[in-house]
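Asks: Fold the following, please.
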Amino acid sequence: MSNRSSNQLVVPQASAALDQLKYEVAQELGINLSQDGYYGNLTTREAGSIGGSITRRLVQIAEQSLAGRQ
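Replies: Here you go, the predicted model:
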């Protein structure tokens, strides 16, 4: 995957899990992502939908994790 983002993961080992999450969310939304890492064919709306859904899912996972600790 060719990633030109300046964002760095706090836990680099999570990269594969986050990548898998991206493909799962895109599939749920009915958006086809190319496996070669080129996303130039995505509309801004599609990319935003994927990112927003990933964020919602990660927040949900974190909330469940925190609730389990109490």
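
Asks: how distant is whichever strand or helix holds Leu18 from the center of its chain?
Replies: Using DSSP states H and E, Leu18 falls within helix 15-29. Remark: helix 15-29 is offset 5 Å from the chain centroid, using Cα atoms, centre = their mean, to the nearest Å.

Asks: who does it touch, helix- and strand-wise?
Replies: In terms of contacts (3 or more Cβ pairs under 8 Å, 6 or more residues apart in numbering; DSSP states H and E), helix 15-29 is packed against helix 44-69. The C-beta positions use only the backbone N, C-alpha and C, and glycine is treated the same way.

Asks: what's the angle between the helix it packs on and helix 15-29?
Replies: For helix 44-69 against helix 15-29, the angle by axes from the mean of the first three to the mean of the last three Cα atoms, to 10 degrees is 120 degrees.

Asks: Centre of the chain to helix 44-69, how far?
Replies: Distance, centroid of helix 44-69 to centroid of chain: 8 Å (Cα atoms, centre = their mean).

Asks: What of stretch 58-70?
Replies: With Cα atoms, centre = their mean, you get 18 Å for stretch 58-70.

Asks: And stretch 37-54, by the same measure?
Replies: Taking mean C-alpha positions (Cα atoms, centre = their mean), stretch 37-54 and its chain are 10 Å apart.

Asks: And that stretch, what's buried?
Replies: Within stretch 37-54, the residues that qualify as buried are 42, 46, 49-50, 53-54, counting by 16 or more other Cβ atoms under 10 Å.

Asks: cool, and stretch 7-25?
Replies: 21-22, 25.

Asks: Name the residues that touch that stretch?
Replies: Stretch 7-25 is contacted by residues 1, 33, 50, 53-54, 57-58 when judged by Cβ atoms under 8 Å, 6 or more residues apart in numbering.

Asks: make it 6 Å
Replies: Applying Cβ atoms under 6 Å, 6 or more residues apart in numbering, the set of residues contacting stretch 7-25 from outside is 50, 53-54.

Asks: Kindly reformat those residues as TSV containing distance to Ser6 and pLDDT.
Replies: Compiled in TSV, those are given as follows (distance: Cβ to Cβ, whole Å; pLDDT from 0 to 100):
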residue	distance to Ser6	pLDDT
Ile50	19	94
Ser53	23	95
Ile54	18	94
